[in-house]
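J.: Here is a sequence with its predicted model. Questions after.
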Amino acid sequence: MKMTILRNKKISDFLTANKNKRIIHLWGGGSSGKSHGIAQYLIRYKWLGEKGIGIIALRKVRPAVRQSCWKLIHYWLDKMGLKAGTHYKENKSEMELVAYNGNIFRFDGLDNIYKKRSIEGINYVWIEEPAAIGHDAAFAERDFLQLDMLCRAPNQNGVNQIFLTY
């Protein structure tokens, strides 16, 4: 299997140095590399590198996550030489990837945060553009608490984490 090194070494080093922190915030302007960095990190070190884990990538609405996170993960899977059917199974309608090691990578919108409560097996949550989730502080805090509860599966690899990219 062909694997490229992470292109954004600063982001990779930052994430590795903070691997025991529950919540990680990545701030940066457009084209700063934060989304590419987290996508590569989640693929290589979490989805393919750990055992028995689930990841979910979220944006405010499902079409937005399909146009950003889903496409970005596929871009890096292709760059890493990983192919659907060989290295992972893909369910396009459910926006779900299952790696050869059994780990799951899901993608969804936050249109109805309360429907996410019943999702099991999540160890890592990636929230792209979290500022767009809520309109006021109370709403955003309530949603974030729901996401925090979502990230509760047992993790033999270490600490469950939430990554927020702004």
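T.: Alright, I've got the coordinates. Residues are numbered from 1 along each chain as shown.

J.: Which element is encountered next along the chain beyond the helix or strand encompassing Ala64?
T.: If you go by DSSP states H and E, Ala64 is part of helix 62-65. As assigned by DSSP H and E, the chain's next helix or strand after helix 62-65 is helix 71-79.

J.: what are the ranges of the strands in this structure?
T.: Taking DSSP state E, the strands of the chain run over residues 23-26, 54-59, 88-91, 96-99, 104-109, 124-128, 161-165.

J.: Against which helices or strands is the lowest-mean-pLDDT helix or strand in the chain packed?
T.: Every helix and strand of the chain was ranked by mean pLDDT, DSSP states H and E. The lowest is helix 137-150, at a mean of 74. Counting contacts by 3 or more CB pairs under 8 Å, 6 or more residues apart in numbering; DSSP states H and E, helix 137-150 is packed against strand 124-128. Any C-beta I mention is one placed from the backbone N, CA and C, and that applies to glycine too.

J.: same question for the strand it packs on, mean pLDDT?
T.: The average pLDDT for strand 124-128 rounds to 94.

J.: Give the buried residues for the least confident helix or strand of the chain.
T.: Neighbour counts over helix 137-150 (16 or more other CB atoms under 10 Å) mark Asp143, Phe144, Leu147, Leu150 as buried.

J.: OK, contacts around Gln156?
T.: Listed by CB atoms under 8 Å, 6 or more residues apart in numbering, the contact set of Gln156 reads Lys51, Gly52.

J.: Could you save the strands of the chain as a markdown table and add columns showing mean neighbour count and distance to Asp13?
T.: Listed next are those as a markdown table, based on neighbours: other CB atoms under 10 Å; distance: least, CB to CB, whole Å:
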| stretch | mean neighbour count | distance to Asp13 |
| --- | --- | --- |
| strand 23-26 | 16 | 13 |
| strand 54-59 | 26 | 21 |
| strand 88-91 | 14 | 27 |
| strand 96-99 | 19 | 24 |
| strand 104-109 | 21 | 23 |
| strand 124-128 | 24 | 18 |
| strand 161-165 | 22 | 15 |
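
J.: I am finished for the moment; much appreciated.
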